[in-house]
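J.: Fold the following and give me the result.
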Amino acid sequence: MNILVTGGAGYIGSHTCVALLEAGHSVIIADNLCNSNSETVEKIMDISNKEVIFYEIDVTDAEAVDNIFKNYNIDGVIHFAGLKAVGESVEKPLDYYYNNIVSTMVLSIACKRHAVNRFVFSSSATVYGDNKVPFEETMNLLPTTNPYGETKAMSERILTDIAKENPKFSITLLRYFNPIGAHESGLIGEIPNGIPNNLMPYVTQVAKRKLKKLRVFGNDYPTIDGTGVRDYIHVLDLAEGHVAALDNTKEGIHIYNLGTGQGTSVLELVKAFEEANGIEVPYEIVNRRPGDIASCYADVSKAKRELGWTAKRDIIAMCQDAWRFESNHRERVFK
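T.: Prediction:
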């Protein structure tokens with residue numbers, strides 16, 4: 001199939017492009033490079049030894065998006081493009097509402113106009129808010145802890161209504177948890193702009209001594225050691241989940257959690273990284289971060305049952321692959 005991957009030069013998008021190419025699909029990437037770079041597109045091709053088509057566009061630009069649909073026979077869309085930092089979304093809510101919701105609407109209109117009925121949406125566990133763990137797909141959504149989660153929940157509602165209007169539309173909502181790690185080649189991985197918002201790239205930068213110490217946001221949560229608990233999933237497992245979703249598309253709206261089903265605290269992850277790579281990661285406890293919750297991990301039984309997919313890589317592999325990528329990557333210094 002010809003798959004349009006929005007945000008395909010980004011962290012999760014790039015690994016998914018590799019998985020799609022390995023599965024025999026053709027890939028067209030649309031990305032404005034606001035949180036990625038064009039070198040990643042070249043590395044996707046190096047890893048897969050296959051060509052991809054790349055458009056440097058903003059997916060909120062309806063005309064630019066429509067031109068892609070006119071130029072290629074698109075069989076399906078995987079929509080990653082959007083702003084993604086929980087803390088930043090609290091500081092810049094209008095940016096998040098505009099980018100994340102308008103892009104979903106623009107893509108939906110293009111799909112309807114060009115009769116593209118296969119749509120996979122990059123959603124997030126943040127739509128569950130502060131629900132009782134483990135999070136199940138049937139839960140009522142409580143995304144009001146941060147604007148980022150609200151944009152994902154709103155996009156889900158938009159796509160759900162489209163599926164009701166058009167019975168032939170096959171929409172898969174993938175709610176993923178906390179992707180970390182990198183491709184085993186060490187060529188692609190997570191490259192944040194500025195000081196990282198996500199835990200693992202912050203850990204790797206401290207390990208590389210580019211940052212002095214890790215800031216742990218709060219140690220007074222009701223968890224095993226007081227630090228936040230998350231369901232960390234290897235980005236390659238997550239990418240393979242998208243291929244499984246494409247291979248099992250069916251009419252209507254379908255929702256799946258993509259995670260491991262296991263919670264790991266911040267300090268447990270730091271310890272695992274130190275053990276996996278033989279490197280000390282100094283840290284300090286600071287105040288809680290706005291929008292964060294205590295615990296977040298998935299019930300993944302539905303994805304296993306209906307998609308035949310489960311996460312295969314453990315936390316040690318995640319830490320080793322993340323460090324390999326960081327060790328191979330060009331130097332960058334944060335202040």
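
J.: if I pick the closest residue to Gly218 other than its chain neighbours, what's in contact with it?
T.: Distance criterion C-beta to C-beta, 6 or more residues apart in numbering; nearest residue to Gly218, sequence neighbours excluded, is Arg288 at 3.7 Å. The way it works is simple: take the backbone N, C-alpha and C, and place the C-beta from them, glycine included. By C-beta atoms under 8 Å, 6 or more residues apart in numbering, the residues touching Arg288 are 217-218, 220-221.

J.: Tell me if Arg288 really is in a strand.
T.: No: checked against DSSP: H, G, I helix; E, B strand; the rest coil, Arg288 lies outside a strand; its state is coil.

J.: Show me the shaky parts of the stretch 151-300 of the chain.
T.: By pLDDT under 70, the stretch 151-300 of the chain has no low-scoring segment.

J.: what ranges do the strands span in it?
T.: 170-176, 178-180, 214-217, 229-230, 232-234, 252-258, 264-265, 283-286, 295-296 (DSSP state E, counting those that start in this stretch).

J.: Looking at these, which is nearest to Arg313?
T.: Ranking these by proximity to Arg313 (C-beta to C-beta) places strand 232-234 first, at 3.8 Å.

J.: where do the helices sit along the stretch 201-335 of the chain?
T.: 235-247, 266-277, 301-307, 315-328 (DSSP state H, counting those that start in this stretch).

J.: quick check, distance from the longest one to the centre of its chain.
T.: Translated: helix 315-328. With C-alpha atoms, centre = their mean, to the nearest Å as the basis, helix 315-328 stands 17 Å off its chain's centre.

J.: what do you get for the third one?
T.: If you compare the mean C-alpha spot of helix 301-307 with that of the full chain, they lie 19 Å apart, counting by C-alpha atoms, centre = their mean.

J.: neighbouring contacts of that helix?
T.: The list of residues contacting helix 301-307 from outside it, by C-beta under 8 Å, 6+ apart, reads 137, 241, 244-245, 247-248, 254-258, 309-310.

J.: again, but for the first one
T.: By C-beta under 8 Å, 6+ apart, the surrounding residues in contact with helix 235-247 are 1, 3, 11-12, 15-16, 18-20, 23, 25, 76, 78, 118, 120, 172, 174, 176, 179-184, 189-190, 256, 258, 260, 303, 307-309, 311-313, 321.
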